[in-house]
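Chemist: sharing a model that was predicted from the sequence below.
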Amino acid sequence: MKYIFLSLVLFSTISLTASAQDTTSVTTSAVPANVAETTVPKPVVKLIKTPAALGISPKTQKRIAAIANPPINLALFAVDRRDKSQEGNSDVIMIITIDQVTKKIKMSSILRDTYVNIEGKGMDKINAAFAIGGPQLAIKTINQNFDMDIQDYINVDFFGTAKMIDALGGVEINVKPEEIPYLNNYLKEISIIENIPPVNVTNAGIQVLNGRQTVAYTRIRAVGRGDYERTERQRTVLVALFNKMKGAGPALYPVFMNQILPNMETSLSGMNLLKIGGDILNSKSKTIEQARFPLDSSSKGIRVNNIWYLSADLKITTAAIHNFIYKGVSPAR
């Protein structure tokens, strides 16, 4: 059952995350006093942050150390689980990049079926790493296969996503006519699980979707190019949320603290998210650069033991990711 959210927290978090792996010194001037005193309701998830535990190679450490004010990279996951006791596969996998100087934001989707080596398991779909070893192994898998330096993550699941989107008043999406039946089918499934009557989408075009509708929208896979186009829908939701929150100002802080943080899991402290968020939401950057990996030109579908995988040239894919994140070179398909 392939759920995919990708919603709002993503971005409330995303835009609130440039804490340079929780080590950057920031001011609290952008945070209202009454909010700064609020107790974050969800504990921070502790990761083992040695390079070896995170899969950050000496080569990668040396490369990053040579960059003045290197960008901050975090992993963003949305896990397919309906039971809080499950880890679940991470059916949304993104690298969120924040430029420490310009505050520009980039989103790099990694297709969940990408065939990679998972330490202790061997070759498998990259989305299985979260189910096997939680966020620690999921981050390590990204770092090891793509020579990255990720140290922190954000994760949401099926249960909290709709609540977070509703907390921000929904999101404006241009729904295509051919997407409507699939959206409503997923919406029906969500409603059965939660025992709440669905509010179907009846018309195509630009409209505000509520939380459950948005979750259903991000799960659509049968229209377009399968998971390729689904990652585009996920990024569309994040961009729409970013644009909405850019104008929210201080009014966003209580919502973030009381309705967003309780529904998300992260290794970043809430106050660091909040403090940095003030700078990022007030930055002059108005666009989000986005890309999807692996590229069509360096990947193909294969079957192993009758299971479909996306086999990629990892050397070419790694180079393309690095060019996009560190050099600002948008990949060609």
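Modeler: Received the coordinates, thanks.
Chemist: quick one: average pLDDT of the strand or helix carrying residue 76?
Modeler: Element membership for residue 76, per DSSP states H and E: strand 72-80. In this model, strand 72-80 has a mean pLDDT of 88.
Chemist: next structured bit after it?
Modeler: Next element after strand 72-80 (DSSP H and E): strand 89-98.
Chemist: now do that following strand: distance to the chain's middle.
Modeler: Here strand 89-98 is found 4 Å from its chain centre; the criterion is C-alpha atoms, centre = their mean, to the nearest Å.
Chemist: can you check stretch 100-118 too?
Modeler: 8 Å.
Chemist: equivalent analysis for stretch 299-319, please.
Modeler: On C-alpha atoms, centre = their mean, the centre of stretch 299-319 falls 22 Å from that of its chain.
Chemist: residues of it that come out buried?
Modeler: Buried residues in stretch 299-319, counting neighbours by 16 or more other C-beta atoms under 10 Å, are found at 299, 309, 310, 311, 312, 314, 317, 318, 319. (Glycine included, C-beta is placed from N, CA and C.)
Chemist: contact partners for the first one?
Modeler: It refers to residue 299. Neighbouring residues of residue 299 by C-beta atoms under 8 Å, 6 or more residues apart in numbering: 114, 310, 311, 312, 313, 317.
Chemist: any idea how far the fifth one is from residue 298?
Modeler: In other words, residue 313. 4 Å (C-beta to C-beta, to the nearest Å).
Chemist: hey, what's residue 89 bridged with?
Modeler: residue 80 (DSSP bridges).
Chemist: so it touches residue 126, yeah?
Modeler: No. Using C-beta atoms under 8 Å, residue 89 is not in contact with residue 126, being 9.5 Å away.
Chemist: farthest-separated two in the buried residues of stretch 299-319?
Modeler: Across those, no pair lies farther apart than 309 and 319, at 21.1 Å, counting by C-beta to C-beta.
Chemist: now do the same for residue 188: helix, strand or coil?
Modeler: Following DSSP: H, G, I helix; E, B strand; the rest coil, residue 188 is assigned to helix.
Chemist: quick revisit: restricted to helices, list the buried residues of stretch 299-319.
Modeler: Within the buried residues of stretch 299-319, residues falling in helices by DSSP state H are 314, 317, 318, 319.
Chemist: now for the closest residue to the first one other than its chain neighbours: which residues touch it?
Modeler: Closest residue in space to residue 314, ignoring its immediate chain neighbours: residue 145 at 5.9 Å, by C-beta to C-beta, 6 or more residues apart in numbering. Neighbour list for residue 145: 116, 117, 126, 314, 318 [criterion: C-beta under 8 Å, 6+ apart].
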